[in-house]
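Chemist: No letters, just coordinates:
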């Protein structure tokens with residue numbers, strides 16, 4: 001729907017997790033893949049604040065906001081790491097400083 005509407009950054013999503021103090025924490029990340037088998041894929045540094053929050057509590061919510069078409073989509077569930085090889089491949093091609 002969002003891609004067909006040619007929205008700017010249709011893969012931008014708000015990733016919400018819980019801090020160790022049981023408070024919500026959100027930031028925007030880019031969806032890198034989606035399949036019935038693997039679910040939704042995005043990447044974050046495992047040592048980042050978001051990575052640490054997910055290590056403690058592996059549940060998250062994703063929210064896509066597509067204002068141009070007055071729609072949003074929310075997904076909730078358990079988060080699992082991709083394989084080390086897939087993670088390494090992504091970070092090899094990621095622009096420096098990104």
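Modeler: Received, thanks. Since this is a predicted model, take the numbers as computed values, not measurements.

Chemist: where's the residue nearest the centre of the chain relative to residue 95, distance?
Modeler: Closest to where the C-alpha atoms of the chain average out (C-alpha atoms, centre = their mean) is residue 42, at 4.4 Å. In this view, residue 42 and residue 95 are 16 Å apart by C-beta to C-beta, to the nearest Å. Yep, even glycine has a C-beta here, placed from its N, CA and C like the rest.

Chemist: Now that residue 77 has come up, it's in contact with residue 39, right?
Modeler: Yes - the criterion here is C-beta atoms under 8 Å, and residue 77 meets it with residue 39 at 7.3 Å.

Chemist: which stretches of this protein form helices?
Modeler: For the chain, the helices defined by DSSP state H occupy 49-56, 84-93.

Chemist: Tell me how far the nearest residue to residue 66 once chain neighbours are set aside lies from residue 95.
Modeler: Nearest residue to residue 66, sequence neighbours excluded (C-beta to C-beta, 6 or more residues apart in numbering): residue 2, at 4.8 Å. Using C-beta to C-beta, residue 2 is found at 24 Å from residue 95.

Chemist: Compare those two (neighbour count), which wins?
Modeler: Taking neighbours as other C-beta atoms under 10 Å, residue 2 and residue 95 compare with residue 2 leading, 18 against 5.

Chemist: Report pLDDT for the more buried one.
Modeler: Per-residue confidence (pLDDT) for residue 2: 71.

Chemist: Hmm, it is touching residue 9, no?
Modeler: No - Residue 2 is not in contact with residue 9 according to C-beta under 8 Å; the separation is 9.2 Å.

Chemist: Which residue ranges of this protein form strands?
Modeler: For the chain, the strands defined by DSSP state E cover 12-18, 24-30, 33-35, 39-41, 59-66, 71-78.
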